[in-house]
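In: okay, predicted coordinates and the sequence, questions at the end:
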Amino acid sequence: MGPQTVCCGDGFVTLPVMSRWRPPGEPTTPYITAGGYRALEAEARALWSRRREVVVHLAAAAAEGDRSENAEYIYRKKELREIDRRLGYLQRRMPALTVVRSVPEDQSRVFFGALVELEDARGDTRHWRIVGGDEADAGRGEISIDAPVARALLGRGLDDEVALGGEAAPHERYVIVDISYPDPS
């Protein structure tokens, strides 16, 4: 469907095409730690359990009659839709993931699963662990392997200097002072 031309009082106006379609995002790296995979499995089990409860409540709300003005029915349908969306994502994503259950032979360099300590010129330190995109949590210091910071760190060794920062922020220089690999199991 192309642009649409409509008639208005003074002539014709061409309207732009408006749609909800968005191009797919960049695919994320399919690696995940064993702990991250267990968390996804637990989430899937909890969602299936919650889904059973929602279906029971939805059936009870549907039995009450007129569904167009039934707030409980509308709410439960929306809740069920959200649960099904997340379950669908997990069912597609989990088989495609590769669980990393070992540490690299060269533990003096930064690779997937590394816990990296960085120090800036003022002596302030930062800690980041490089994990899969499905388990990243910046609040806990876990960053996705696809993140720009992780990409800047990968392959680096102890005492290497790294410039980090975005386009809006000036690049700060850090030195890698420690690299460790927590137990992958």
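Out: Yes, it's here.
In: show the low-confidence segments of the chain, by residue range.
Out: Scanning the chain for pLDDT under 70 picks out 1-19, 21, 166-170.
In: against which helices or strands is the lengthiest helix in the chain packed?
Out: When the chain is parsed with DSSP state H, its longest helix is helix 34-62. Helices and strands touching helix 34-62, as assessed by 3 or more CB pairs under 8 Å, 6 or more residues apart in numbering; DSSP states H and E, comprise helix 71-93, strand 98-100. Quick note: C-beta positions are derived from backbone N, CA and C, even for glycine.
In: mean neighbour count, those: which tops it?
Out: Ranked by average neighbour count under the criterion mean count of other CB atoms under 10 Å, the helices and strands packed on helix 34-62 are headed by strand 98-100 at a mean of 16.
In: from the chain's centroid, how far away is the biggest strand by length in the chain?
Out: Longest strand in the chain, counting residues (DSSP state E): strand 172-180. Strand 172-180 sits 25 Å away from the centroid of its parent chain (CA atoms, centre = their mean, to the nearest Å).
In: same deal with stretch 42-52?
Out: In terms of CA atoms, centre = their mean, the centre of stretch 42-52 is found 19 Å from the chain centre.
In: check which residues of it are buried.
Out: For stretch 42-52, a neighbour-count test (16 or more other CB atoms under 10 Å) marks Leu47, Arg51 as buried.
In: so what touches it?
Out: Stretch 42-52 has contacts (CB atoms under 8 Å, 6 or more residues apart in numbering) with Leu80, Ile83, Asp84, Arg86, Leu87, Leu90, Gln91, Met94.
In: quick check: the nearest residue to the third one once chain neighbours are set aside vs Ala62, distance?
Out: Spatial nearest neighbour of Asp84, excluding adjacent residues (CB to CB, 6 or more residues apart in numbering): Arg51 at 7.4 Å. In this structure, Arg51 and Ala62 are 16 Å apart, going by CB to CB, to the nearest Å.
In: got a list of contacts for the longest strand of the chain?
Out: Strand 172-180 has contacts (CB under 8 Å, 6+ apart) with 107-110, 114-121, 125-126, 153, 156-165.
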